[in-house]
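In: fold the following for me, if possible:
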Amino acid sequence: MVAEDLRLEVSRIHKLDGSGATKAFCDLSIFDSFVIKGLRVVEGENGLFVSMPAEAGKDGKWYKTVIPLNKGVMDEVEKLVLEAYGG
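Out: Take a look at the predicted model:
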C-alpha cells in the first residue's frame with residue numbers, strides 16, 4: 001500500500017506560543033476510521049519535523065507508541081502535518 005492510499009487528514013492542530021522546541025500538537029485521521037493523537041511539530045537543528053506520539057517508560061526513557069513501517073508513509077505524514085502547521 002502506498003501513502004496516497006491511506007487517506008490521511010490532519011483532524012486537529014493546536015499551535016503553541018513560546019520559545020520551546022515543541023511548536024504544535026496534532027491529531028491525524030486515517031481512512032476516516034482511526035485517529036492518532038499526539039503527533040508533535042518540533043523545531044530541530046535542521047528545521048521543523050514531526051515527532052510521533054511517545055510515552056515514558058518506567059525506566060524514564062521515551063518510547064514511540066506509533067511507528068510508521070516505511071519511510072514513504074512517514075514522509076507523507078510529515079508533509080501533511082507541516083502543511084497544516086503552515087511551515
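
In: pLDDT below threshold where in the chain?
Out: Low-confidence segments of the chain, defined by pLDDT under 70: 1-4, 87.

In: secondary structure class for the spatially most central residue of it?
Out: With distances taken as C-alpha atoms, centre = their mean, L39 lies nearest the centre of the chain, 3.4 Å away. Secondary structure assignment for L39 (DSSP: H, G, I helix; E, B strand; the rest coil): strand.

In: was I right to think it contacts L28?
Out: Yes: with contact defined as C-beta atoms under 8 Å, L39 and L28 form a contacting pair (5.9 Å). For the C-beta atoms, the positions are set from N, CA and C on the backbone; glycine is no exception.

In: overlap of the contact sets of these two?
Out: Contact criterion C-beta atoms under 8 Å, 6 or more residues apart in numbering; residues shared by L39 and L28: 77, 81.

In: contacting residues for the residue nearest to the centre of the chain?
Out: By C-beta under 8 Å, 6+ apart, the residues touching L39 are 25-28, 50-53, 77, 81.

In: same deal with S29?
Out: Contacts of S29 were listed using C-beta under 8 Å, 6+ apart, and they are 8-11, 35.

In: in whichever helix or strand it is part of, what counts as buried?
Out: Per DSSP states H and E, S29 falls inside strand 22-30. Buried residues in strand 22-30, counted by 16 or more other C-beta atoms under 10 Å: 23-28.

In: could you do stretch 6-18 as well?
Out: Counting neighbours by 16+ other C-beta under 10 Å, one finds that the buried residues in stretch 6-18 are 8, 10, 13.

In: swap in stretch 67-82?
Out: Neighbour-count burial for stretch 67-82 [16+ other C-beta under 10 Å]: 76-78, 80-82.

In: include distance to K71 when you put the contacts of L39 into a markdown table, please.
Out: What follows is the contacts of L39, written out as a markdown table (distance: C-beta to C-beta, whole Å):
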| residue | distance to K71 |
| --- | --- |
| F25 | 23 |
| C26 | 20 |
| D27 | 22 |
| L28 | 17 |
| V50 | 13 |
| S51 | 16 |
| M52 | 13 |
| P53 | 18 |
| V77 | 11 |
| V81 | 15 |
